[in-house]
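Asks: whatever this is, show me its structure:
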Amino acid sequence: MKIAFIGLGHMGNPMCRNLLKAGHIIKAFDIVPALIEKVVPFGAIHAGSVAECVKEAEVIITMLPSSPHVKNVYGFEGGVLANAARGVLLIDSSTIDPMTSREVAFDAMAKGLRMVDAPVSGGVGGAEAATLTFMVGGEVRDFDAARPLLQSMGKNIVHCGACGNGQVAKICNNMMLAIEMIATSEGMALAASLGMDPKVFAGVVNTSSGRCWSSDTYNPYPGVMENTPAARGYSGGFGSDLMLKDLTLVTDAAKSVRFPVVLGATAQQLYQMHSASGNGALDFSSIIKLYKKD
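Replies: Residues are numbered from 1 along each chain as shown. Sure, this is the predicted structure:
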């Protein structure tokens with residue numbers, strides 16, 4: 001298919017390359033020209049603008065940093081909605097707030113375009129390996145049309161309901177993950193402070209009711225598990241600033257429907273404190289530094 005791919009950062013670059021491997025014809029654009037040049041050797045066509053990128057495209061995929069970026073790329077005069085042909089399928093894999101996602105989808109439908117939101121889980125490693133999970137919101141027919149393309153970039157493709165529900169699934173899941181990571185960090189650090197061997201304690205937890213993904217797969221305590229960010233100084237993985245972004249999205253969304261997220265808001269504040277202390281680029285499991293000072 002003829003695909004326009006906009007947004008070639010850490011996630012967008014490998015996603016674009018996997019579509020090229022699947023044999024699609026891709027025009028690529030990013031506001032940083034050097035990022036476009038990274039996918040050109042793999043067969044992508046360098047586009048000089050959003051308008052040029054989407055011209056003649058059958059599908060348009062965006063992977064952008066935040067809600068304002070999505071609003072701008074889709075809504076400005078030289079943007080997607082003003083230049084895409086009627087009937088084109090739009091796939092936005094950015095992680096943004098559900099309200100913005102629904103607003104952009106409504107504007108797209110008013111222009112005769114089809115749109116799904118398809119945020120991802122799995123990080124850069126999942127993008128490289130084409131094992132991402134896509135949480136998709138939109139009409140069933142549009143989901144069915146998007147699925148073969150998403151399967152070139154991911155392993156688990158889940159239809160979450162109407163437009164915006166992919167974003168709902170993404171931010172609510174990450175809120176739960178952040179809370180679990182904080183709880184695991186607090187428990188692990190406390191057990192060590194009380195004199196227990198962290199590895200022994202982790203073994204107890206992981207065969208007991210305290211077990212969760214943060215304890216048995218991604219344990220934040222150094223020396224407990226190999227091949228986790230905690231084993232390499234919290235480099236790589238999912239950055240604390242990215243977790244802070246998602247927690248801010250979820251608390252803002254909760255406010256819009258007057259829904260209390262007491263633990264979610266507390267997690268947001270803890271990650272904000274963690275980021276302000278200079279840890280924003282470290283993996284989100286480094287939140288244990290709030291409890292473990294050595």
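Asks: now for the helix or strand hosting residue 52, which elements pack on it?
Replies: Here residue 52 sits within helix 50-54, counting by DSSP states H and E. Counting contacts by 3 or more C-beta pairs under 8 Å, 6 or more residues apart in numbering; DSSP states H and E, helix 50-54 packs against strand 2-6, strand 25-29, helix 80-83. (Each C-beta comes from the backbone N, C-alpha and C, glycine too.)
Asks: just the ones you listed: most buried one?
Replies: Of all those, strand 2-6 carries the top mean neighbour count, a mean of 25, counting by mean count of other C-beta atoms under 10 Å.
Asks: now for the helix or strand just after that one, which elements pack on it?
Replies: Elements were assigned by DSSP H and E; along the chain past strand 2-6, the next helix or strand is helix 12-21. Identification of packing neighbours for helix 12-21 by 3+ C-beta pairs under 8 Å, 6+ apart yields strand 2-6, strand 25-29, helix 123-129.
Asks: run through the strands of the chain in chain order.
Replies: Ranges of strands in the chain, per DSSP state E, are 2-6, 25-29, 45-46, 59-62, 89-92, 114-117, 120-121, 132-137, 154-161.
Asks: where is the longest helix in this structure?
Replies: Secondary structure of the chain per DSSP state H: the longest helix is helix 165-193.
Asks: where in this protein is pLDDT low?
Replies: Counting by pLDDT under 70, the chain has low-confidence residues at 294.
Asks: how many residues are close by residue 253?
Replies: Residue 253 has 22 neighbours, counted by other C-beta atoms under 10 Å.
Asks: got the contact list for it?
Replies: Going by C-beta atoms under 8 Å, 6 or more residues apart in numbering, residue 253 touches 97, 98, 99, 168, 171.
Asks: quick one on the thing from earlier: turn the strands of the chain into CSV, columns for distance to residue 278.
Replies: CSV is the format used below for those (distance: least, C-beta to C-beta, whole Å):
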stretch, distance to residue 278
strand 2-6, 32
strand 25-29, 33
strand 45-46, 37
strand 59-62, 31
strand 89-92, 32
strand 114-117, 33
strand 120-121, 27
strand 132-137, 30
strand 154-161, 33
